[in-house]
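Q: below is the sequence, then the predicted model.
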Amino acid sequence: EETPTPDEVDVLSAFTVRQARKLRDEAWWAGRRRDRLRRVDGRWKIARREVHLDSTVLPRGIAIFF
């Protein structure tokens, strides 16, 4: 893995996702995210994003935007 430059920083996050449908079904997923932020014209921009889910299978009909 490459080392960030002086204008870059790595940010690590953990997350959980809850899916509830009409109060009968509920499911939870967890994971982590690693972002590389880069300073461009004085503002931080996402240069790279990696998302790692602890589950390998998600049900049909779920959409998650990271």
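A: Cool, got the structure. Keep in mind it's a predicted model, so treat the numbers as computed, not measured.
Q: only C-alpha atoms from now on, for both contacts and neighbour counts.
A: Fine.
Q: can you tell me how far the residue located most distally from the centre of the chain is from G31?
A: Most distant from the centre of the chain: R24, at 27.0 Å, with distances by C-alpha atoms, centre = their mean. Look at R24 and G31: by C-alpha to C-alpha, to the nearest Å, they are 24 Å apart.
Q: go on, S13?
A: Taking C-alpha to C-alpha, one finds S13 at 9 Å from G31.
Q: give me the more crowded residue out of those two.
A: G31 (14 against 10; other C-alpha atoms under 10 Å).
Q: hey, what's the more buried one bridged with?
A: Beta-bridge pairing of G31 under DSSP bridges involves F15, L53.
Q: quick one, what contacts the closest residue to L37 other than its chain neighbours?
A: Nearest residue to L37, sequence neighbours excluded (C-alpha to C-alpha, 6 or more residues apart in numbering): I46, at 4.7 Å. I46 makes contact with D35, R36, L37, R38 under the criterion C-alpha atoms under 8 Å, 6 or more residues apart in numbering.
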